[in-house]
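**Student:** missing the sequence, but the structure's below:
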């Protein structure tokens, strides 16, 4: 449901996944094998400003350099089906599209080796300071994609409807 740049198909691999000294809210993977770290914060939370960027970067730093076997056994073991793999989770999640197993494994290995992850920060509103930091990071690297997504809740006929929206950081003019 998250409106991410390029509209990748994501498979959630685990919730509250231990990465170093913290827990990532969600760890997912796209159909090419690229890992996705998703962190959810309320804008009123002091960490929704610069600290959330440091948080997702520390999770990425923890994952960078692992190999796929280490990811599955040491990090995702408790979250995957018994004896399961990341590839099996993707295949089970998206049965409509065939996944090339070798290309997926290669993509996952490359993502881990290079640290080329997608980092997603989901908030109820995006503070200007966070928008500025994410815009800067996007302008200086092509290895990491950072998506900012806001989720707004509306009451419609007694039901709550959540509407996600991708926020594109604008480049500042000097």
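**Tutor:** Cool, got the structure. For clarity, every value in this text was computed on a predicted model and none was experimentally measured.

**Student:** Do a quick rundown of the strands in this protein.
**Tutor:** Along the chain, the stretches classed as strands by DSSP state E are 10-19, 22-30, 35-41, 118-123, 145-156, 159-167.

**Student:** Tell me which strands the third one pairs with, and in which orientation.
**Tutor:** Sheet pairing here is set by DSSP bridges, and for strand 35-41 it gives strand 22-30 (antiparallel), strand 118-123 (parallel).

**Student:** Show me the one of those that comes nearest residue 76.
**Tutor:** strand 22-30 (7.1 Å; CB to CB). Backbone N, C-alpha and C define where each C-beta goes, glycine included.

**Student:** so that closest one versus strand 10-19, what angle?
**Tutor:** Strand 22-30 and strand 10-19 are oriented at 160 degrees to each other (axes from the mean of the first three to the mean of the last three CA atoms, to 10 degrees).

**Student:** Mind listing residues that contact stretch 141-156?
**Tutor:** With CB atoms under 8 Å, 6 or more residues apart in numbering as the test, stretch 141-156 has contacts from 2-5, 53, 56, 60, 114-126, 130-131, 134, 137-138, 160-169.

**Student:** switch to 6 Å and redo it
**Tutor:** Applying CB atoms under 6 Å, 6 or more residues apart in numbering, the external contacts of stretch 141-156 come out as 2, 4, 116-123, 125-126, 134, 137-138, 160-167.

**Student:** which of these are buried?
**Tutor:** Among these, those buried by neighbour count (16 or more other CB atoms under 10 Å) are 2, 4, 116-123, 126, 134, 137-138, 167.

**Student:** With residue 161 as the reference, measure out to residue 123.
**Tutor:** The gap separating residue 123 from residue 161 is 18 Å, by CB to CB, to the nearest Å.

**Student:** lowest-confidence helix or strand of the protein?
**Tutor:** Every helix and strand of the chain was ranked by mean pLDDT, DSSP states H and E. The lowest is helix 128-140, at a mean of 88.

**Student:** What are the buried residues along that one?
**Tutor:** 130, 131, 133, 134, 135, 137, 138.

**Student:** Could you do stretch 79-95 as well?
**Tutor:** Those buried within stretch 79-95 under the rule 16+ other CB under 10 Å are 79, 80, 85, 86, 87, 89, 90, 91, 93.

**Student:** Those in helices, which ones?
**Tutor:** Among the buried residues of stretch 79-95, the members falling in helices (DSSP state H) are 86, 87, 89, 90, 91, 93.
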